[in-house]
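Trainee: Okay, predicted coordinates and the sequence, questions at the end:
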Amino acid sequence: MTHYGAKLLPNNTIVGGTVAHIGQVYFDQSLLEQVEKTAPYNTNRQAWTKNANDPIISLGVANNDDPIINYSLLGSKIEDGVFGWITVGADVTNKRTVNQASWYSAQGGIKNPNAAGIGSFIFPGGNTGGAAGGGRKPPK
């Protein structure tokens, strides 16, 4: 999410301001597969969604977006590190409504009882999607 006009809180979350852009970025599937073979990722038992099965990346590609991060290995193997880059433009006159999944407080995470899935928002054109927001205050 691209926020502007927000206030930084002591716990490094934010409050207030406006969300101008909501999006996701992805890594090339072959890079992900290389990373999955290295420690500590090779001990992960959590299921992961491959790019080909991810409806959000499919929507971005259908809209002629390019949500995949460009990258270069920093050595001869993945363990030497990866340098990645992407360009994102945000129109700060946009005002997106965000229904985040949770908030972070001094007591830890607080689930948003009104969140749909992992959060919800409206894409341009009316399509719905999900986003995990972080620093907005919970409703009273």
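Mentor: Arrived safely.
Trainee: And the next helix or strand past the helix or strand where F83 lies?
Mentor: Using DSSP states H and E, F83 sits in strand 82-85. Next helix or strand after strand 82-85 toward the C-terminus (DSSP H and E): strand 99-100.
Trainee: need the contact list for the residue nearest the centre of the chain.
Mentor: For the chain, the residue nearest the mean C-alpha position is Q24 (4.6 Å; Cα atoms, centre = their mean). Taking Cβ atoms under 8 Å, 6 or more residues apart in numbering, we find Q24 in contact with 56-57, 60, 67, 131. Where C-beta positions appear, they are placed from N, C-alpha and C, glycine not excepted.
Trainee: swap in E79?
Mentor: Going by Cβ under 8 Å, 6+ apart, E79 touches T38.
Trainee: secondary structure class for it?
Mentor: Look at E79: counting by DSSP: H, G, I helix; E, B strand; the rest coil, its state is helix.
Trainee: Begin at 20 from now on, thanks
Mentor: Got it, first residue is 20 now, which makes that one E98.
Trainee: Can you tell me how far it is from M20?
Mentor: For E98, the distance to M20 equals 31 Å [Cβ to Cβ, to the nearest Å].
Trainee: Flag the least confident of the contacts of Q43.
Mentor: Across the contacts of Q43, the smallest pLDDT goes to A150, namely 38.
Trainee: Mind putting the contacts of Q43 into CSV with distance to T106, neighbour count and secondary structure?
Mentor: Below are the contacts of Q43 laid out as CSV (distance: Cβ to Cβ, whole Å; neighbours: other Cβ atoms under 10 Å; DSSP: H, G, I helix; E, B strand; the rest coil):
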residue, distance to T106, neighbour count, secondary structure
I75, 19, 17, helix
I76, 17, 20, helix
G79, 14, 20, helix
P86, 11, 17, coil
A150, 20, 22, coil
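Trainee: So which of those is the closest to K114?
Mentor: A150 (15.1 Å; Cβ to Cβ).
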